[in-house]
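Q: Structure for this input, please:
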Amino acid sequence: MTRMNWLCRGKVSLIVITFFALAGEAQDQAAWMTEARWGVMTHYLADWKALEMKERMTVEKWNEMVGHFDVEALAEQLKSVGAGYYLITIGQNSGYYLAPNATYDRFVGIEPSRCSRRDLVADLYDALHKREIRLMVYLPSGAPAGDRTAREALQWQNGPHRNREFQLKWELVITEWSTRWGPKVAGWWFDGCYWPNTMYRTEQIPNFASFAAAARAGNSGSVVAFNPGVVPRILSVTPHEDYTAGEISDPSRIEIRRAVGGKIDGAQVHILSYLGERWGMGRPRFAAEQVVRWSEGIRKQGGVITWDVPIQPNGLIDQPFINQLAAVGKALRRP
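A: Okay, the predicted model is just below:
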């Protein structure tokens, strides 16, 4: 099938998906997040792990790592600290992803594929579901910056560009993952939506509506957030998201203004920050008492908080971070 046939078929699919997504927008998709109260995020990224291990990443090495990720042990850790959900990166700038995607491979044409043979997301769901912990996934809104072949094949231009051809392709990639996982994935967090006016605020597809619809292709109840970057206050960037991305580097400076019933402009208040020295790396930078105080403060305003912590290649979280997460879990204990 030609490239244009794929894109045309994709546009028809996205129009249909958008219709059903819009039909369900009146529902409070994010109600489960307030019940979950808080969650844990980890950045399981090929280039980051290669840097930590001081090794060059290869397809073989990546598949070996993903294959040895201990989903049961991680799920048990998350249960022990009382987390309500878990957010993991599908991939980011390296062009390596932790689940298969035939659409991505067809567009990019890299062989052997940098999408792992193991579907780590599906396996994580199985382990988490047994422990009543929901699963969410992270994906950038742009092409992998560190993979020139992928950037060019996907027709990505970095900066304030419409990126229409790229976005049509990217939404088809997202649609495949979403339909593959179905109700197993409860939410999506899209990073790098830095030019929303240029790329998504338009009546013509692709736009925010089609972007959200692609994420909900396999689960109409999935929650979606679009991250505009680190901003001084918590805000919602579009009616097509269900919760605020809420990225903040300094949790002591969290400001939630004009929130009503735990919502800002119709979106569930949500904060995302990190416990290490930087995202996904380093030792704890705060005392447990501080982390608990900030978490309780968000909860009292009806908000939800996600804490990012480093993760080992085998999928486990180091004990110092488990101790801090356990303190949060005790303070925000679910009924």
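Q: chain center to stretch 298-309: distance?
A: A distance of 16 Å separates the centroid of the chain from that of stretch 298-309, by CA atoms, centre = their mean, to the nearest Å.
Q: what about it, average pLDDT?
A: Averaged across stretch 298-309, the pLDDT comes to 96.
Q: Now tell me what touches that stretch from outside.
A: 33-34, 36-43, 85, 87, 243, 254, 256, 259, 261-263, 268-276, 279-280, 291, 294-295, 317-318, 321, 324-325, 328, 332 (CB atoms under 8 Å, 6 or more residues apart in numbering). For every residue, glycine as well, the C-beta is placed using N, CA and C.
Q: just stretch 266-273 next, same as before
A: Stretch 266-273 is contacted from outside by 30, 33-34, 41, 189, 223, 225, 234, 236, 239, 241-251, 254, 256, 259, 262-263, 298, 301-308, using CB under 8 Å, 6+ apart.
Q: if we can go back for a sec, quick one: buried ones out of the contacts of stretch 298-309?
A: By neighbour count, with 16 or more other CB atoms under 10 Å, the contacts of stretch 298-309 hold 33-34, 36-43, 85, 87, 243, 254, 256, 259, 262-263, 268-276, 279-280, 291, 294-295, 317, 321, 324-325, 328, 332 as buried.
Q: Restricted to strands, list those residues.
A: Among the buried ones among the contacts of stretch 298-309, DSSP state E puts 38-42, 85, 87, 263, 268, 270-274 in strands.
Q: picking up where we left off before, give me the PyMOL select line for the contacts of stretch 266-273, limited to the buried ones.
A: In PyMOL, the members of the contacts of stretch 266-273 classed as buried (16+ other CB under 10 Å) are selected with the following command:
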select buried, resi 30+33+34+41+189+223+225+234+236+241+242+243+244+245+246+247+248+251+254+256+259+262+263+298+303+304+305+306+307+308
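Q: among the contacts of stretch 266-273, which are in helices?
A: Counting by DSSP state H, the contacts of stretch 266-273 place 33-34, 298 in helices.
Q: So the residue most central in space within the chain: helix, strand or coil?
A: Computing the C-alpha centroid of the chain and ranking residues by CA atoms, centre = their mean puts Y138 first, at 1.7 Å. Of the three states, Y138 takes strand under DSSP: H, G, I helix; E, B strand; the rest coil.
Q: who's in contact with it?
A: The neighbours of Y138, taking CB under 8 Å, 6+ apart as the test, are 41, 87-90, 188-191.
Q: now those as JSON lines including distance to R117?
A: Converted to JSON lines, these look like this (distance: CB to CB, whole Å):
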{"residue": "M41", "distance to R117": "24"}
{"residue": "L87", "distance to R117": "23"}
{"residue": "I88", "distance to R117": "17"}
{"residue": "T89", "distance to R117": "18"}
{"residue": "I90", "distance to R117": "15"}
{"residue": "W188", "distance to R117": "23"}
{"residue": "W189", "distance to R117": "25"}
{"residue": "F190", "distance to R117": "25"}
{"residue": "D191", "distance to R117": "25"}
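Q: which regions of the stretch 1-150 of the chain sit below the pLDDT cut-off?
A: 1-27 (pLDDT under 70).
Q: Same question for the stretch 201-335 of the chain.
A: Residue ranges of the stretch 201-335 of the chain with pLDDT under 70: 335.
Q: What about the closest residue to A36 other than its chain neighbours, how many residues nearby?
A: Of all residues not flanking A36 in the chain, G84 sits nearest, at 2.7 Å (CB to CB, 6 or more residues apart in numbering). Neighbourhood size, G84 [other CB atoms under 10 Å]: 22.
Q: and of the contacts of Y138, the nearest to A217?
A: W188 (10.8 Å; CB to CB).
Q: residues touching that closest one, list them.
A: For W188, the contacting residues are 136-139, 174, 215, 222-225, by CB under 8 Å, 6+ apart.
Q: now do 10 Å
A: Residues in contact with W188 (CB atoms under 10 Å, 6 or more residues apart in numbering) are 87, 90, 136-139, 174, 177-178, 211-212, 214-216, 219, 222-226, 241-242.
Q: R134 too?
A: Contacts of R134 were listed using CB under 10 Å, 6+ apart, and they are 32-33, 35-36, 39, 83-87, 125, 128, 184-187, 223.
Q: again, only using 6 Å
A: Applying CB atoms under 6 Å, 6 or more residues apart in numbering, we find R134 in contact with 85, 186.
Q: How much space separates it from R37?
A: Distance of R134 to R37, given as CB to CB, to the nearest Å: 12 Å.
Q: Give me the common contacts of the two.
A: Common contacts of R134 and R37, defined by CB under 6 Å, 6+ apart, are absent altogether.
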